[in-house]
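Novice: Quick one, what's the 3D model for this:
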Amino acid sequence: MGKRAWRRVDGVLLLDKASGMTSNAALQVARRLFSAAKAGHTGTLDPLATGLLPLCFGEATKFSADLLSADKCYEADLRFGVTTDSGDADGSVAEQRPVNFSPSDLERVLEGFRGPIMQVPPMYSALKYAGRPLYELARQGVEIEREARSVTIHELALLDIGDSRCRLRVACSKGTYIRSLAMDIGEALGCGAHLTALRRTVVGPLVIGDAVSLDRLSEMTDEERVASLLPPDALLQSLPEVGLDPVASIRFGHGNSVSIAEELSRGAGLRRVYGEGRFLGLGEVDDSGNVKPRRLVCA
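Specialist: As a prediction, this is how the structure comes out:
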């Protein structure tokens with residue numbers, strides 16, 4: 001078998017990840033389908049979870065970190081009365097308790113989790129302690145004290161409720177752990193709970209309706225696959241746009257700051273920068289109206 005010929009591929013793939021697959025495994029399958037020389041993702045989904053996983057190829061990888069801070073939206077299925085060591089259905093049952101709350105009780109508890117809250121990250125997470133991921137320690141039965149973090153639940157809507165279960169829509173800030181939210185809701189109801197399914201539907205400006213599965217991707221021709229990619233600046237659509245004239249575009253592309261006085265009215269901060277009909281990269285405006293290059297794309 002000959003050596004694979006990797007090639008330059010630039011763009012963003014909105015992948016609808018299947019359950020049971022790690023985010024890195026999904027990335028590697030997609031990378032091979034594109035024969036992409038460079039690839040990365042914008043933050044992982046647990047193997048149990050499905051849904052939107054933006055993958056970056058080539059020049060788009062320069063901006064993958066910018067999506068880590070984006071708000072996200074999920075649909076989460078909870079089962080009440082059973083807790084697991086991992087907080088989800090992949091874990092072992094830790095405790096069972098009777099379920100005797102009413103729908104109005106649930107709504108009252110949900111109200112307490114809306115807005116800014118303090119949340120303790122789960123042991124089964126990729127956070128590191130002494131250089132090791134917490135999930136490795138958790139699998140060895142080691143419990144490490146974790147400090148509560150401030151996160152924001154923008155929306156917490158009850159979509160469905162049944163016998164010892166419910167489905168929620170959760171719109172939240174970065175760093176929110178939905179399994180911790182499920183466990184905390186269960187404790188507030190006095191019966192415990194764990195996550196049985198999780199689907200991510202929104203990441204920043206990106207939505208699941210535009211995503212494609214690996215199965216569908218494998219059925220496409222090479223031309224169709226390339227056409228399915230979004231441009232690298234798709235990751236930055238929440239940022240204001242700046243347009244440069246030809247002279248300023250050249251200076252910016254060479255790594256120099258350029259003065260855009262009109263940007264003073266919009267204040268300092270990050271900008272998507274364009275010039276000569278193309279995306280040039282990410283810039284940052286200072287208090288004097290100068291746009292400094294932060295990350296540039298190669299032509």
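Novice: What about residue 210, how many residues nearby?
Specialist: Residue 210 has 12 neighbours, counted by other Cβ atoms under 10 Å. Yep, even glycine has a C-beta here, placed from its N, CA and C like the rest.
Novice: Find the residue closest to it in space, skipping its chain neighbours.
Specialist: If the residues on either side of it in the chain are set aside, residue 210 comes closest to residue 14, at 5.1 Å by Cβ to Cβ, 6 or more residues apart in numbering.
Novice: which residues sit in contact with that neighbour?
Specialist: Going by Cβ atoms under 8 Å, 6 or more residues apart in numbering, residue 14 touches 52-55, 206, 208, 210-212, 230.
Novice: Just the buried ones from those?
Specialist: Taking 16 or more other Cβ atoms under 10 Å as the criterion, what is buried in those is 52-55, 206, 208, 211-212, 230.
Novice: Out of those residues, which is nearest to residue 133?
Specialist: residue 53 (19.2 Å; Cβ to Cβ).
Novice: Burial check on residue 66, number of neighbours?
Specialist: Around residue 66 there are 18 residues (other Cβ under 10 Å).
Novice: Then the one 4 residues further on?
Specialist: Around residue 70 there are 18 other residues, counting by other Cβ under 10 Å.
Novice: Within the helices and strands, which one has it?
Specialist: According to DSSP states H and E, residue 70 maps onto no helix or strand at all.
Novice: isn't it right next to residue 238, touching?
Specialist: Yes: assessed by Cβ atoms under 8 Å, residue 70 is found in contact with residue 238 at 7.0 Å.
Novice: Common neighbours of these two, please.
Specialist: Counting by Cβ under 8 Å, 6+ apart, the contacts common to residue 70 and residue 238 are 204-205.
Novice: on that earlier part again, quick check: beta-bridge partners of the residue nearest to residue 210?
Specialist: Counting by DSSP bridges, residue 14 is bridged to residue 54.
Novice: Return the per-residue confidence for it.
Specialist: At residue 14, the model reports a pLDDT of 97.
Novice: Poorly predicted segments of the stretch 101-250 of the chain, please.
Specialist: Of all residues in the stretch 101-250 of the chain, those with pLDDT under 70 make up the ranges 123, 125-126, 129, 138.
Novice: any chance you could map the strands in it?
Specialist: Using DSSP state E, counting those that start in this stretch, the strands of the stretch 101-250 of the chain run over residues 115-119, 128-129, 132-133, 149-162, 165-172, 193-203, 206-207, 241-244.
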